[in-house]
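Trainee: Mind folding the following:
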Amino acid sequence: MSLLDNAKTLRRNLTDAEQKLWYHLRAHRFMGRKFKRQKPLGRYVVDFICLEEKSVIELDGGQHSENLEYDHERDSWLRSQGYTVLRFWNNELMNETESVLERIRLALSNEAISSETLSPGPSPVNGRGEEV
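Mentor: Below is the predicted model of the structure:
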């Protein structure tokens with residue numbers, strides 16, 4: 001399957017968390033920024049991207065439990081291309097939506113960016129953001 005076909009499949013099959021975040025990001029509603037979803041970039045497909053800000057937002061769940069090395073490699077490549085990578089867990093977005101949106105706002109406005117804002121540690125729920 002080509003990268004573009006993979007991106008199209010991912011767009012059609014958004015998780016509940018991705019749908020919820022897309023509701024807030026689409027149509028310039030989030031701080032007037034234009035986001036795209038499931039966008040091919042290099043040899044990867046990113047969940048959400050704001051090209052004008054060079055920001056990528058990733059939502060992780062159980063599908064990433066075996067891919068920690070892949071996530072690290074992908075994040076490193078994106079950062080080497082000048083992108084800011086914000087990574088959140090599915091359950092974090094579903095349960096703490098306003099907190100996640102505020103961290104995204106801070107990162108996009110370049111206010112108080114810390115490593116915690118950009119890459120929060122593992123979710124307390126089984127380490128990868130999925131309820132057990």
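Trainee: Find out how far stretch 76-83 is from the centre of the chain, if you would.
Mentor: Mean C-alpha position of stretch 76-83 versus that of the full chain (Cα atoms, centre = their mean, to the nearest Å) differs by 14 Å.
Trainee: Pull out the buried residues from it.
Mentor: If you call a residue buried by 16 or more other Cβ atoms under 10 Å, then stretch 76-83 has these buried ones: 78, 83. Just so you know, the C-beta spots here come from the backbone N, C-alpha and C atoms, and that holds for glycine as well.
Trainee: before we move on, what about stretch 16-33?
Mentor: Under the neighbour-count criterion of 16+ other Cβ under 10 Å, stretch 16-33 has 17, 18, 20, 21, 22, 25, 30, 33 buried.
Trainee: So which of the residues you listed sit within helices?
Mentor: In this view, those that belong to helices under DSSP state H are 17, 18, 20, 21, 22, 25.
Trainee: Where does the prediction get shaky in this structure?
Mentor: Residues of the chain meeting the criterion pLDDT under 70: 6, 28, 61-66, 111-132.
Trainee: how about the strands of this structure, start to end?
Mentor: Using DSSP state E, the strands assigned to the chain run over residues 36-41, 44-50, 55-60, 84-89.
Trainee: So which other helices or strands are in contact with the second one?
Mentor: Judged by 3 or more Cβ pairs under 8 Å, 6 or more residues apart in numbering; DSSP states H and E, strand 44-50 is in contact with helix 3-12, helix 16-25, strand 36-41, strand 55-60, helix 68-80.
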